[in-house]
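A.B. asks: For reference, the sequence and a predicted model appear below.
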Amino acid sequence: MGQISIVLANAHMEQLKDEGIQRELRDVQTFFDANDFPFKDGTVNFVILRGLYNHIEKIMTIVGVFVNKTGKTIDELKGTVAFDLAEEKSNAKFAELDFHFQSNFLGKLEKDSGFIIHIQVPASGLDKNKDVYNATELTGEVKGVEINTVGESNNTQ
C-alpha cells in the first residue's frame, strides 16, 4: 500500500509551533503507520479519526484526514462530504457540506500524503449523554471531487 505522510494544510503551518498540534500530527502519523487502508489509486479519500459533539450548538466536529492517492500533487480540492452514524437504527441527521480548499489554503498536497482537518457539521438526533464518537461509530462519503493538480486544472473523480 505505501506509507501516507501526514501534513498540515498550508494555512495551518504557523500552528506547528503549538505543542498540541505537534502531538496531534505525531499521533495521526502513528495511526496511519500502524494501519493499512484500502485506498484506490487515482482517488482522494477521507479518513475519519473521531467526532466531537457539542450539544448546545448541535455541531459535530469531525476530525479527519484528506488523503491524496491521485499519483499527482494537488493544489486545489473541492467536493461534498456527508456523514452519518454507523449504527443502522439511528435518528441522527448530519448536514451535507460542500468544501473548496483553494491553493492559498491547501498549498501543495503531494501524492501519498494527507492533511488533517476539523470539519464542523450541524447535527441532530444524537445521544444526549455522548460527546465523543470513535471513528468506527461514524461513516462518511466524499462526493463530486474536483482537483487541480500542479500544472493541470479541473480534474474530476
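C.D. replies: Right, received. Where do you want to start?
A.B. asks: and the gap between the closest residue to residue 102 other than its chain neighbours and residue 10?
C.D. replies: Of all residues not flanking residue 102 in the chain, residue 76 sits nearest, at 5.6 Å (CB to CB, 6 or more residues apart in numbering). From N, CA and C alone the C-beta is placed, and that goes for glycine too. For residue 76, the distance to residue 10 equals 12 Å [CB to CB, to the nearest Å].
A.B. asks: can you list residues touching both of the two?
C.D. replies: Common contact partners of residue 76 and residue 10 (CB atoms under 8 Å, 6 or more residues apart in numbering): 103, 106.
A.B. asks: So between these two, which is more surrounded?
C.D. replies: The neighbour comparison of residue 76 against residue 10 (other CB atoms under 10 Å) goes to residue 76, with 20 against 17.
A.B. asks: if we can go back for a sec, mean confidence (pLDDT) on the helix or strand containing the residue nearest to residue 102, please.
C.D. replies: Applying DSSP states H and E as the criterion places residue 76 in strand 74-85. Averaging pLDDT along strand 74-85 gives 96.
A.B. asks: Mind listing what's buried along that strand?
C.D. replies: By 16 or more other CB atoms under 10 Å, the buried positions in strand 74-85 come out as 74-77, 79, 81, 83, 85.
A.B. asks: burial measure for residue 103, as a count.
C.D. replies: 15.
A.B. asks: Revised request: answer the last question for residue 104.
C.D. replies: 11.
A.B. asks: ok, residues contacting the helix or strand harbouring it?
C.D. replies: If you go by DSSP H and E, residue 104 is part of helix 103-106. With CB under 8 Å, 6+ apart as the test, helix 103-106 has contacts from 9-11, 74-77, 115, 148.
A.B. asks: Just put these in TSV and tack on distance to residue 98.
C.D. replies: Output for the contacts of helix 103-106, formatted as TSV (distance: CB to CB, whole Å):
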residue	distance to residue 98
9	17
10	20
11	18
74	17
75	19
76	14
77	12
115	18
148	16
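A.B. asks: Residue ranges in the protein under the pLDDT threshold?
C.D. replies: 1-2, 152-157 (pLDDT under 70).
A.B. asks: That one: strands as residue ranges?
C.D. replies: 5-7, 43-54, 59-69, 74-85, 93-94, 97-101, 113-124, 132-134, 138-149, 155-156 (DSSP state E).
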